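Enquirer: Next comes the sequence, and after it the predicted model I'd like to discuss.
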Amino acid sequence: MDPSRPRRSGQAAQSRIIGAQSRSWAPRPLKILILKPSSLGDVVQALPVLRAIKRHWARSEVYWWIDRNLAPLLTEDPDLAGVIPFGRRSWATLSNWIALRGSLRWVREQRFDLVIDLQCLMRSGIFAWLANGKLTIGLDEPREGARGFYDLIAPRPSFHTHAVDWYLGVLPLAGVPMTWDFQWLPPRPEVAAGLRRKWPVEPGPWLILQPGARWPNKRWPVGYFAELVRQVAARRQGWRFAILGSAEERPLGEAIAGVVPARCLDLTGRLSLPEMVEWIRLGAAMVTNDTGPMHVAAALGKPVVGLFGPTEPRRTGPYGQVERVLQAELPCVPCLKPRCTYAKPIECLRLLSPSAAVAALERRLDLCCHAAPGS
């Protein structure tokens, strides 16, 4: 069976929804539910789906099902009617099941016209099916068999298709044209003003550093980050360095900030999610491992030097800048595994020298300086 082929019921629902909304008048605004609970980078990469829907159906009411820890990213988003928080880490607890039952009851009461599952794992597939929308669209992800819960399925054209483009594949199935005339992550002036009250943001420019990552074998050696700071500080006298990361990554931040303390600001463990986004917006560029904040920087159009080891940048690299990431050539790259089994541990990242990263940063900055306005 062709997974991209509509089922009969899905095709009928698709025709009704598209037909009704294409008239000059519509009986009522569409109600749409997007399921993408995690992770940070994946949620950021899924946002163009929301933006395109709202550009096409301006009156639609769109809700987003998201991990409670990531909900602040989308709170007050101008394109959302609401956020439905989900306790992903406490999925199996009794209290979470009670909350989930109440959440599901509310979702069913909304009588959603369209449910879009961009997570496509078993629990999101079940939730999408139980939401009982008129039309349910999901991705062709075979890992946990969630495809069986969808009316229409968006295939991934190839193994190397970028996640953003794969997510956008749901739009034609809903009759939504793609447009890029939007802000991927709209500014939050109140949060930005708060940053200026807390920290000496001016003067800049700031180079944003992200030395952590969830997988240990995604982490460029912290000594390399420190050497990069030393070299950039010598080249660019006015530049300062903001180091991002979780509280668990404070040792990394301390090691890097110790190189030039007067010009480094260690923000590890000190930022909320919205503050992290606004700090990246303030930055001139970012040097980062393959992790969620990298996708934030790409979404904000910042020059990104992405340091890749075990993962495939064509699938999950900084969107629009994939061809400029750094990745070593080894037989095992990309292994797509969370643990390194190579004879020389994380050799794929150790081969990326600080000097090479600095040179890549200079090229990115030079390219931006010579790019046409708005490019």
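Expert: Yep, that arrived. Numbers count the residues shown, from 1 in each chain.
Enquirer: can you give me the strands in the stretch 101-250 of the chain?
Expert: Shown for the stretch 101-250 of the chain, the strands assigned by DSSP state E, counting those that start in this stretch span residues 114-117, 135-139, 152-154, 206-210, 240-243.
Enquirer: since we're on residue 217, how many residues are nearby?
Expert: Using other C-beta atoms under 10 Å, residue 217 is surrounded by 19 other residues. To be clear about C-beta, it is placed using only N, CA and C from the backbone, and glycine gets the same treatment.
Enquirer: Flag the shaky bits of the stretch 151-300 of the chain, pLDDT-wise.
Expert: Regions of the stretch 151-300 of the chain meeting the criterion pLDDT under 70 are absent.
Enquirer: From residue 285, how far out is the residue lying closest to residue 111 once chain neighbours are set aside?
Expert: Distance criterion C-beta to C-beta, 6 or more residues apart in numbering; nearest residue to residue 111, sequence neighbours excluded, is residue 31 at 6.9 Å. Distance, residue 31 to residue 285, by C-beta to C-beta, to the nearest Å: 40 Å.
Enquirer: quick one: which of those two has more around it?
Expert: In terms of neighbours (other C-beta under 10 Å), residue 285 is the more surrounded of residue 31 and residue 285; the figures are 21 against 18.
Enquirer: how about that one, what does it touch?
Expert: Residue 285 makes contact with 207-208, 302-305, 361, 364-365, 368, according to C-beta atoms under 8 Å, 6 or more residues apart in numbering.
Enquirer: In these, which residue is surrounded by the most others?
Expert: Neighbour max across those (other C-beta under 10 Å) = residue 304, 31 neighbours.
Enquirer: Surely that one and residue 295 touch.
Expert: No. If you go by C-beta atoms under 8 Å, residue 304 and residue 295 don't touch, sitting 9.2 Å apart.
Enquirer: hey, what's in contact with both of these two?
Expert: Common contacts of residue 304 and residue 295, defined by C-beta under 8 Å, 6+ apart, comprise residue 318.
Enquirer: re earlier: let me see the contact set for the residue nearest to residue 111.
Expert: 60-61, 63, 110-114.
Enquirer: Which strand residues bridge it?
Expert: Legend: beta-bridge partners of residue 31 under DSSP bridges are residue 61.
Enquirer: Just the helices from the stretch 101-250 of the chain, written as ranges.
Expert: Under the criterion DSSP state H, counting those that start in this stretch, the stretch 101-250 of the chain contains helices at 122-131, 163-168, 170-174, 189-198, 222-235, 250-257.
Enquirer: of those, which approaches residue 336 most closely?
Expert: Proximity to residue 336 (C-beta to C-beta) singles out helix 163-168 among these, at 13.6 Å.
Enquirer: which SSE is residue 362 in?
Expert: Secondary structure from DSSP states H and E places residue 362 in helix 354-370.
Enquirer: Summarise which helices and strands that helix is packed against.
Expert: Judged by 3 or more C-beta pairs under 8 Å, 6 or more residues apart in numbering; DSSP states H and E, the packing partners of helix 354-370 are helix 222-235, strand 285-289, strand 304-308, strand 326-327.
Enquirer: Quick check: beta-bridge partners of residue 115?
Expert: Residues in a beta bridge with residue 115, per DSSP bridges, are residue 33, residue 136.
Enquirer: quick one, what contacts it?
Expert: 32-33, 35, 128, 131, 133, 135-137.
Enquirer: Which of the residues you listed has the largest number of neighbours?
Expert: Highest count within the contacts of residue 115 by other C-beta under 10 Å belongs to residue 128, 28 neighbours.
Enquirer: Next one: residue 367, what pLDDT does it get?
Expert: Residue 367 carries a pLDDT score of 81 in this model.
Enquirer: The nearest residue to it once chain neighbours are set aside and residue 221, how far apart?
Expert: Using C-beta to C-beta, 6+ apart and skipping the chain neighbours, the partner closest in space to residue 367 is residue 303 (7.4 Å). Relative to residue 221, residue 303 is positioned 22 Å away (C-beta to C-beta).
Enquirer: which one of the contacts of residue 31 is nearest residue 239?
Expert: Distances from residue 239 to those, taken as C-beta to C-beta, are shortest for residue 63 (41.7 Å).
Enquirer: For burial, what's the neighbour tally of that closest one?
Expert: 20.
Enquirer: Can you verify it is assigned to a strand?
Expert: Yes. Assessed by DSSP: H, G, I helix; E, B strand; the rest coil, residue 63 belongs to a strand.
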